[in-house]
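Novice: following is a predicted model, sequence given first.
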Amino acid sequence: MSQLEFQTAIEDTRQTWFVDVILPVPIPKMFTYRVPHEMDDLVRIGCRVIVQFGSRKILTGVIGRIHENPPEKYEAKYILEVLDDEPVINEIQISLFQWIADYYMCTLGEVLNIALPTGLKLSSESKVQLHPHFDYYESDLEFSDKETIVLETLLKNDSLSYGEISKLLNQKSIYTIIKSLVYKETIIIFEEVKEKYRPKKESRIRLRPQWLPKNELERIFDELANKPKQEAILLHYLQNVPVFNHPELNKKGLIKSSFTGSDLSDSSLRTLIKNDIFEEFEVIVSRFDAYDNSLAEINLTETQLKAKEEILTSFKEKDVTLLHGITGSGKTELYISLIQDALEGGSQILYLLPEIALTTQIVSRLRKIFGDKMGVYHSKFSDNERVEVWKGVLSGRYQFVVGVRSAIFLPFDNLGLIVVDEEHESSYKQYDPAPRYNARDMAMVIGSQHHAKVLLGSATPSMESQYQAQQGKYGLVKLTTRFGAGQLPDFVVADMIREKNKKLSKGEFSSELINAINQALEKKEQVIVFQNRRGYSPYITCGECGWIPKCNSCAVSLTYHQYRKELRCHYCGYKEPLPNTCEACGATHLKTIGFGTEKLEEEISLLFPQARVQRMDLDTTRKKRSYDTIISDFEQGNIDILVGTQMVSKGLDFDNVNLVGIFDIDRMLHFPDFRSFERTFQLSTQVSGRAGRRDKKGKVVIQTRNTEQPVLKQIITNGYDRFYANEIAERQAHHYPPFTRLIGVIVKNRDAKLASLTAIKFGNLIKEKLGTKRVLGPEEPVISKIRNEYLMELIIKLERSQVSLSKVKQVLLEARLDLMQEKDLKSSKIIFDVDPY
Ligand code: ADP
Ligand code: ZN
Ligand code: ZN
């Protein structure tokens, strides 16, 4: 046997491996690729790979399975590259992602796309380089001026991106030039794939080791005798190195005035580096500040201790426990204590909070206790910061993470406890894009994957969770008193009809609210006024003909924003300047209708000129730190009256707030949705909970036009149990969750007729299979057009017990597939929303 034959024989005995890769494409399966032998040792489940998809596309995906079976119907392509030495996601996550894809009727790729932080995804860029067989100086080809520029630049640079070429030639379209150069075989095109995550680097300075001995150092000082600026740097360096055997300093820090009172010379430092006295190098540093791990004590009260015992007992029997504790009862303290125990036990902990509740306030409270052990995962973090938390969980640096809904995707491998605070919050549900998941519900799935205990907490539990607790599926623990001397507030209902008739009110402000605010200001106490609508006024209208400006792309009126003198669409972001005249009749008498937070802020400033008023809503908190700034200004007493949307209702804890105003409760109650009573009860109770959290009794003024509404009575008597009893009876009578399960179907098309036709056909198809009773619609939703797409809606209502959910989903998926074969309907999108909110 020749050497070569021998080699081949050995190779033949080697096993060929295949991997199934999850790719970010909306096709519901993994894709099989072949592993080249040189990568045999590199492929592991959860590592990212680069593969070719279709004839041209290069994609990154994650290895989901490794096996020995070649695909039956096609020849598998080779994977091009394995990007990670260590997996970035683990096998538990892959099975979670699959679970989510199945349950929420989307693809694994779509789940992965939302799960992975952007920084771990890859960007690819088209680049060119010289053709290996092309020699510019030997060539007798003719080149245009621009081609010459490109080629000559490529002689000096290894490669150029399309963007760089475009800049170089100062023209946008460079396609023909590139095509011509490729045709002449002078350049080749390639895709450069880069990870978006960039570690944070810091320049450090250190004295070269050869100068460390005393006599050498003296020699340097002699040399620098008549160079005072350089000498000063060396002196400050020596005074500030932490330890002599680890003598490095942050470069910026060395020059900064904090050491010396005046900045040292940057150019002198450069000279010292150039002369080999100092050396400069880079290190990778964390983007997060360092914190002490000195754990602060917490002491639970007797009531809280008892509740904790009950929770632990409940955990012995049940995987999920609901903690129903009134606002200010110390639920957070309880979580902290349970988290401490779990940390000692060595397991991982996830503490979920709704987006807007995850503020500096709660983070700094937790930081004092958990220090560096705690990671924070928040959507206001940069891509790079999120990757660092992700990697911190992988490496074990963070045993405990507090985060928003997307934190359920982090690579935990050993969770012991998941806390879902404010479990009733609708912001745990993702609307768009897919997966349309609910993080609270997923917490329970993850809990069972890890055999972890799940604690749901709320002052106003969701109907779903309370029902499960009543049924005995979840444990139930209650905290019914506030911490310390804190008492629940008194409620005052301001009857706006009576106020108006008796001419007591000033505009939309009741005399009760005005008097209460005046009293609070006199006592130097702070006030929160809540109105769940941002902008200045919901719409403007012509006083002559009734014309209302509407968005061209959505079926909604434009909201007036006074600060920018703009009309804005809250659905698509469209803006236009406020018109001076009516577009229909030309009249100049345009008036504003209704009250947004912006107008509320303005009117309050006019009514209480002595008060410092601040607004907190989506518009004033767009910047990364603006939310925190407002909160800390309020905490420090720099604001007297805080006006805001539901942002002011969540998890905030202020000492000096004893008055809360609920400006217009009717609007919330009459929102056309089966959950509107539940939401109103929750929001009002939560925002009321901000009043009187210390020793003083707080007061809540609620303005309404209908004082007889039962929900209102339940709110003012803190009658959660009564509210629940009424509401659950309603839900049962009308077949709504938790007695049924809903799947929303949304049909979108730019053509109104096609949207409607698709919805009708889809409805007919599934009615045939599921029965007409289970399918509601199609109907036009309240907002029937968004971003130029017309919408139609169907609701599938399923009895919880009798039907197999997966069979129903199968029917829906097949119906969609069938319809998409029809030529005219192809332009429609059909979207499923399981457990819609
Ligand atoms: P909840 O989350 O139920 O609304 P918090 O945990 O925010 O209540 O507690 C309300 C206030 O009471 C907070 O300022 C908290 O620091 C304080 N508090 C609650 N329990 C204790 C305790 N055991 N020791 C000290 N302070 C406590
Ligand atoms: Zn008009
Ligand atoms: Zn719009």
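Specialist: Received it, and whenever you're ready, just let me know what you need. Ligands and ions are numbered 1, 2, ... in the order given.
Novice: wait, His562 sits on Tyr536?
Specialist: Check again: residue 562 is Gln, not His. Yes: with contact defined as Cβ atoms under 8 Å, Gln562 reaches Tyr536; the gap is 4.0 Å. In this view, the C-beta of every residue, glycine as well, is placed from N, C-alpha and C.
Novice: give me the three-state assignment for Asp140.
Specialist: coil (DSSP: H, G, I helix; E, B strand; the rest coil).
Novice: quick one: which of Gln562 and Tyr536 has more around it?
Specialist: Tyr536 (27 against 16; other Cβ atoms under 10 Å).
Novice: circling back: what touches both of Gln562 and Tyr536?
Specialist: Common contacts of Gln562 and Tyr536, defined by Cβ atoms under 8 Å, 6 or more residues apart in numbering, comprise Glu598, Lys599, Glu602.
Novice: how close does the second one sit to Ser557?
Specialist: In this structure, Lys599 and Ser557 are separated by 15 Å, where distance is defined by Cβ to Cβ, to the nearest Å.
Novice: these two: which has the busier surroundings?
Specialist: Legend: neighbour count by other Cβ under 10 Å for Lys599 and Ser557, higher for Lys599 (21 against 18).
Novice: adding secondary structure and pLDDT, write the shared contacts of Gln562 and Tyr536 out as JSON lines.
Specialist: Converted to JSON lines, the shared contacts of Gln562 and Tyr536 look like this (DSSP: H, G, I helix; E, B strand; the rest coil; pLDDT from 0 to 100):
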{"residue": "Glu598", "secondary structure": "helix", "pLDDT": "93"}
{"residue": "Lys599", "secondary structure": "helix", "pLDDT": "92"}
{"residue": "Glu602", "secondary structure": "helix", "pLDDT": "93"}
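Novice: which of those residues lies closest to Ile178?
Specialist: For the shared contacts of Gln562 and Tyr536, the residue nearest Ile178 by Cβ to Cβ is Glu598; the value is 51.2 Å.
Novice: spatially nearest residue to the closest one, not counting backbone neighbours?
Specialist: Excluding the flanking residues, the one nearest Glu598 by Cβ to Cβ, 6 or more residues apart in numbering is Tyr536, at 4.1 Å.
Novice: equivalent analysis for Ser139, please.
Specialist: Nearest residue to Ser139 in three dimensions, chain neighbours excluded: Thr186, at 7.5 Å (Cβ to Cβ, 6+ apart).
Novice: just the helices in the stretch 501-650 of the chain please.
Specialist: 511-522, 597-607, 626-635 (DSSP state H, counting those that start in this stretch).
Novice: next, give phi and psi for the residue lying closest to Leu160 once chain neighbours are set aside.
Specialist: Distances taken as Cβ to Cβ, 6+ apart place Val128 nearest to Leu160, at 5.7 Å, with adjacent residues excluded. Main-chain torsions, Val128, degrees, to the nearest 10: phi -130, psi 150.
Novice: give me the neighbour count for Val128.
Specialist: Val128: 22 neighbours (other Cβ under 10 Å).
Novice: thought it was touching Ser159?
Specialist: Yes: counting by Cβ under 8 Å, Val128 touches Ser159, with 6.6 Å between them.
Novice: which residues are common contacts for the two?
Specialist: Phe190.
Novice: circling back to that earlier point, and the helices of the stretch 501-650 of the chain: which comes nearest ligand 2?
Specialist: For ligand 2, the closest of the helices of the stretch 501-650 of the chain is helix 597-607, at 21.7 Å, according to Cβ to the ion.
Novice: which SSE is Gly109 in?
Specialist: helix 108-115 (DSSP states H and E).
Novice: which SS class is the nearest residue to Leu456 once chain neighbours are set aside?
Specialist: Using Cβ to Cβ, 6+ apart and skipping residues adjacent in sequence, the residue nearest Leu456 is Glu423, 3.9 Å away. Recorded secondary structure, Glu423: coil (three-state DSSP).
Novice: contacting residues for Glu423?
Specialist: Per Cβ under 8 Å, 6+ apart, neighbours of Glu423: Leu322, Arg440, Leu456, Gly457, Ser458, Pro461, Ser462, Ser465.
Novice: so how do I select the buried members of these in ChimeraX?
Specialist: To isolate the buried subset of the contacts of Glu423 in ChimeraX, counting by 16 or more other Cβ atoms under 10 Å, use the following:
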select :322,440,456,457,458,461,462,465
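Novice: among the contacts of Glu423, which are in strands?
Specialist: Within the contacts of Glu423, residues falling in strands by DSSP state E are Leu322, Leu456, Gly457, Ser458.
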